[in-house]
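J.: Structural data only, the sequence is not supplied:
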């Protein structure tokens with residue numbers, strides 16, 4: 001197994017300075033919006049326009065071509081260009097098509113991947129958090145799209161992010177544990193994952209989830225990296241963990257349809273035969289599996 005942290009994660013490649021201190025500076029925001037160099041990314045239900053030739057790239061428009069609506073500050077690049085995002089009808093531009101993160105997140109440039117990841121997360125949060133959780137009053141947007149404020153009691157809501165651990169578990173023979181969730185196709189397999197509960201550490205969450213889902217105690221829990229997963233609002237935190245010896249698996253039927261240990265040769269043969277479809281490159285799961293495998297898998301879906 002390769003040592004060290006994960007080096008490449010598809011949705012953790014953003015390059016912009018988020019200039020968070022400028023989000024409450026109305027004069028700066030107005031000046032940035034009227035700057036002819038400023039660019040705007042438009043999303044509609046998690047999709048943006050993408051031009052696929054010569055390489056996949058987001059379609060960014062000047063502010064005057066953006067649809068009416070709230071504008072959310074995404075950041076500033078190294079050259080000083082400001083980038084905003086908004087949710088609304090996608091403009092009709094020849095040679096482009098609407099695409100979501102699942103289909104293009106892994107093939108966009110670092111900057112474009114970061115832009116789309118950020119904006120998709122904001123759009124989902126705004127659509128699903130319009131009302132004050134205390135009194136039900138409709139809230140207003142503040143801080144350039146990164147806060148919602150209740151006009152009645154001035155309470156603030158911040159974008160929700162749900163931390164989830166995802167772990168590559170190996171046994172005493174360095175076999176990998178792969179499982180299938182109840183809603184997955186019969187050939188789909190991945191590593192275990194689960195949400196962090198209140199009052200527990202990430203390491204405790206790893207051990208609990210593995211024990212709950214397959215009945216296996218683990219040790220040597222090690223953190224390797226994280227990436228946002230705004231599908232809809234998670235932050236995936238990647239770990240490895242070890243199980244001692246040849247431990248039988250007892251899958252929880254409500255969460256796991258089946259689970260098994262695989263050597264590298266067994267995994268390669270199962271993928272080549274079409275018996276297993278591994279996670280695609282967009283996911284941190286794929287990167288953890290490839291780190292254990294020692295390189296690219298024989299076949300991977302594009303998403």
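T.: In hand now; what should we look at? As the structure is a computational prediction, the values presented were derived from the model and not from experiment.

J.: Angles on the backbone of residue 30, please.
T.: Recorded main-chain torsions at residue 30 are phi -60, psi -40, according to degrees, to the nearest 10.

J.: How about the secondary structure of residue 282?
T.: Secondary structure of residue 282, reduced to three states by DSSP: H, G, I helix; E, B strand; the rest coil: coil.

J.: ok, it - contacts?
T.: Contacts here follow C-beta atoms under 8 Å, 6 or more residues apart in numbering; on that basis residue 282 touches 10-11, 101-102, 105-106, 303. Yep, even glycine has a C-beta here, placed from its N, CA and C like the rest.

J.: if you set the cut-off to 7 Å instead, what comes out?
T.: When contacts are counted by C-beta atoms under 7 Å, 6 or more residues apart in numbering, residue 282 touches 10-11, 102, 105-106, 303.

J.: can you check residue 42 too?
T.: Per C-beta under 7 Å, 6+ apart, neighbours of residue 42: 48, 61, 66-67, 86, 88, 90-91.

J.: Bridged to it, which residues?
T.: On the basis of DSSP bridges, residue 42 is bridged to residue 86.

J.: Now residue 57, what are its backbone angles?
T.: With angles defined as degrees, to the nearest 10, residue 57 sits at phi -150, psi 140.

J.: And the residue nearest the centre of the chain?
T.: Closest residue to the average C-alpha location of the chain: residue 229 at 1.6 Å, with C-alpha atoms, centre = their mean.

J.: Please verify my assumption that it contacts residue 238.
T.: No. Residue 229 is not in contact with residue 238 according to C-beta atoms under 7 Å; the separation is 11.0 Å.

J.: Residue 261: helix or strand, and which one exactly?
T.: Residue 261 belongs to strand 258-262 when assigned by DSSP states H and E.

J.: likewise residue 235?
T.: Applying DSSP H and E as the criterion places residue 235 in strand 234-242.

J.: Just checking the distance from that strand to the centre of its chain.
T.: Strand 234-242 sits 13 Å away from the centroid of its parent chain (C-alpha atoms, centre = their mean, to the nearest Å).

J.: What average pLDDT does that strand get?
T.: Strand 234-242 carries an average pLDDT of 98.

J.: and if you look at stretch 75-87?
T.: Stretch 75-87 shows an average pLDDT of 99 in the prediction.

J.: Show me where the stretch 51-200 of the chain has its strands.
T.: With DSSP state E, counting those that start in this stretch as the criterion, the stretch 51-200 of the chain has strands at 57-58, 72-76, 82-87, 96-100, 140-142, 147-149, 156-157, 162-170, 176-180, 192-195.

J.: what's the closest of those to residue 37?
T.: Taking C-beta to C-beta as the criterion, strand 82-87 is the member of the strands of the stretch 51-200 of the chain that comes nearest to residue 37, at 7.7 Å.

J.: what inclination does that closest one have with respect to strand 72-76?
T.: The directions of strand 82-87 and strand 72-76 differ by 150 degrees, with axes from the mean of the first three to the mean of the last three C-alpha atoms, to 10 degrees as the criterion.

J.: what ranges do the helices span in this structure?
T.: Counting by DSSP state H, the chain has these helices, from start to end: 26-34, 101-104, 110-128, 202-214, 264-272, 284-293.

J.: mind checking which of those is nearest residue 257?
T.: Ranking these by proximity to residue 257 (C-beta to C-beta) places helix 202-214 first, at 11.1 Å.

J.: residue contacts, residue 29?
T.: 22, 73, 144.

J.: Quickly note the distance from residue 22 to residue 140.
T.: Distance, residue 22 to residue 140, by C-beta to C-beta, to the nearest Å: 19 Å.

J.: repeat for residue 291
T.: Remark: distance between residue 291 and residue 140 (C-beta to C-beta) = 45 Å.

J.: Could you check which of the two is surrounded by more residues?
T.: residue 291 (21 against 12; other C-beta atoms under 10 Å).

J.: Report the separation between the nearest residue to residue 299 once chain neighbours are set aside and residue 293.
T.: Leaving aside its sequence neighbours, residue 299 sits nearest to residue 271 (C-beta to C-beta, 6 or more residues apart in numbering; 5.4 Å). Relative to residue 293, residue 271 is positioned 10 Å away (criterion: C-beta to C-beta).

J.: Helix 202-214 and the strand holding residue 235, what's the angle between them?
T.: With the same axes, to 10 degrees defining the directions, strand 234-242 sits at 80 degrees from helix 202-214.

J.: Identify the residues contacting strand 234-242?
T.: Contacts of strand 234-242 with the rest of the structure, by C-beta under 7 Å, 6+ apart, involve 6, 161-170, 202, 206, 210, 218-229, 284, 288.
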